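Engineer: 3D, please:
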Amino acid sequence: FGGTSAGGSEDSSASSDSGLDMLHQCGSVPGAKRLTEDGLFWGGDPELAQSTLNNPSLDRIYTGFDFKFFVQGTRWLPLQLEKEIRDETWFVAKVSKEVLFKPRDRVGTRRAKPLWTEIMELMGDKYKDIRDQLYADDAPFP
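Structural biologist: Numbers count the residues shown, from 1 in each chain. From the prediction side, this is the model:
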């Protein structure tokens with residue numbers, strides 16, 4: 001996240017001045033920018049997002065699970081991100097909204113599987129091996 005490799009958009013309607021950004025599924029949030037045709041949005045006003053959750057005129061009920069919040073972001077120099085992807089410092093993944101917004105609460109005494117871990121596993125054996133290099137298998141996930 002954090003915009004394009006050329007430094008991202010400075011459009012304050014899509015990114016918060018406070019350094020708090022949102023990825024979400026609610027197009028009614030004032031200032032939100034549509035990212036995908038299937039209803040994935042970036043940004044908007046976090047305070048107004050809370051009041052939007054309580055709006056009875058929306059097409060469905062939204063909850064906090066329909067939002068992901070990010071504090072600060074990463075910006076790259078022109079072409080830096082592309083180079084880091086080629087060098088396999090970063091990996092590009094196509095992930096469904098269902099995976100992105102899946103609740104990741106604790107399950108009893110067991111930790112929920114982190115988003116990054118699940119995505120690496122879904123990408124196949126090569127990426128599962130990278131995940132295994134970074135995380136010991138002694139962490140119990142459901």
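
Engineer: now do the helix of greatest length in the chain: everything it contacts.
Structural biologist: Using DSSP state H, we find that the single longest helix of the chain is helix 125-134. For helix 125-134, contacts defined as C-beta atoms under 8 Å, 6 or more residues apart in numbering pick out Phe91, Trp116, Thr117, Met120, Glu121. (Each C-beta comes from the backbone N, C-alpha and C, glycine too.)

Engineer: relative to Val29, how far out is the second one?
Structural biologist: In other words, Trp116. According to C-beta to C-beta, to the nearest Å, Trp116 stands 25 Å off from Val29.

Engineer: same question, the last one
Structural biologist: Distance of Glu121 to Val29, computed by C-beta to C-beta: 31 Å.

Engineer: the more surrounded of these two?
Structural biologist: Taking other C-beta atoms under 10 Å, Glu121 and Val29 do not tie; Val29 has more neighbours (23 against 15).

Engineer: that one touches Gly44, doesn't it?
Structural biologist: Yes: Val29 is in contact with Gly44 according to C-beta atoms under 8 Å; the separation is 3.7 Å.

Engineer: find residues that contact each of the two.
Structural biologist: The overlap between the contact sets of Val29 and Gly44 (C-beta under 8 Å, 6+ apart) consists of Met22.

Engineer: where in this protein is pLDDT low?
Structural biologist: 1-18, 106-107, 135-142 (pLDDT under 70).

Engineer: the helices in it, which residues?
Structural biologist: With DSSP H as the criterion, the chain has helices spanning 46-53, 80-86, 97-100, 115-122, 125-134.

Engineer: tabulate those (TSV), appending distance to Asp21.
Structural biologist: Shown next, in TSV, are the helices of the chain (distance: least, C-beta to C-beta, whole Å):
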stretch	distance to Asp21
helix 46-53	9
helix 80-86	17
helix 97-100	14
helix 115-122	16
helix 125-134	25
